[in-house]
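Participant: how would this look folded up:
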Amino acid sequence: MLSAFKSIPTHMDYKGQKLAEQIFQGVILVSAVIGFIYGFTIQQFGWTVYIMLAGFTISCLLTLPPWPVYRKNPLSWQPAMPDTSGENRDKPQEIQKKKKHK
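Facilitator: Presented below is the predicted three-dimensional model:
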């Protein structure tokens, strides 16, 4: 059962995060405008709230799961460096101190 959940991807790339944020804000803005106009027309504030909640729900369904459209530009990471003994390597701070004293 758990192996089925482990096969689901749980990440987005940076461009996908930006796209998800833009979609989220756009859907919220459109639903707010539509809800305000409709609520103002029929003089019922409750409908404005309902339309806003519907827009929020739709935007959450569109942006919270990591859909494949949000994973089109993966980062290419550098390969890991082989681990050497920590005694032979100087820390970057120690290197800077040595350079200043020379």
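
Participant: center of the protein, which residue is that?
Facilitator: Gln17 (3.8 Å; Cα atoms, centre = their mean).

Participant: excluding chain neighbours, what is closest to it?
Facilitator: Distances taken as Cβ to Cβ, 6 or more residues apart in numbering place Tyr70 nearest to Gln17, at 7.2 Å, with adjacent residues excluded. Using the backbone N, CA and C atoms, a C-beta is placed for each residue, glycine as well.

Participant: the one you found reaches Leu19, doesn't it?
Facilitator: Yes: in this structure, Tyr70 is within contact of Leu19 by Cβ atoms under 8 Å, at 6.3 Å.

Participant: just after the one helix or strand the residue nearest to the centre of the chain maps to, pick out the following helix or strand.
Facilitator: Gln17 is part of helix 14-42, with elements assigned from DSSP states H and E. Next helix or strand after helix 14-42 toward the C-terminus (DSSP H and E): helix 45-63.

Participant: list the buried residues in that following helix.
Facilitator: Judged by neighbour count using 16 or more other Cβ atoms under 10 Å, the buried positions of helix 45-63 are Trp47, Thr48, Ile51, Met52, Gly55, Ile58, Ser59, Thr63.

Participant: perfect, that will be all.
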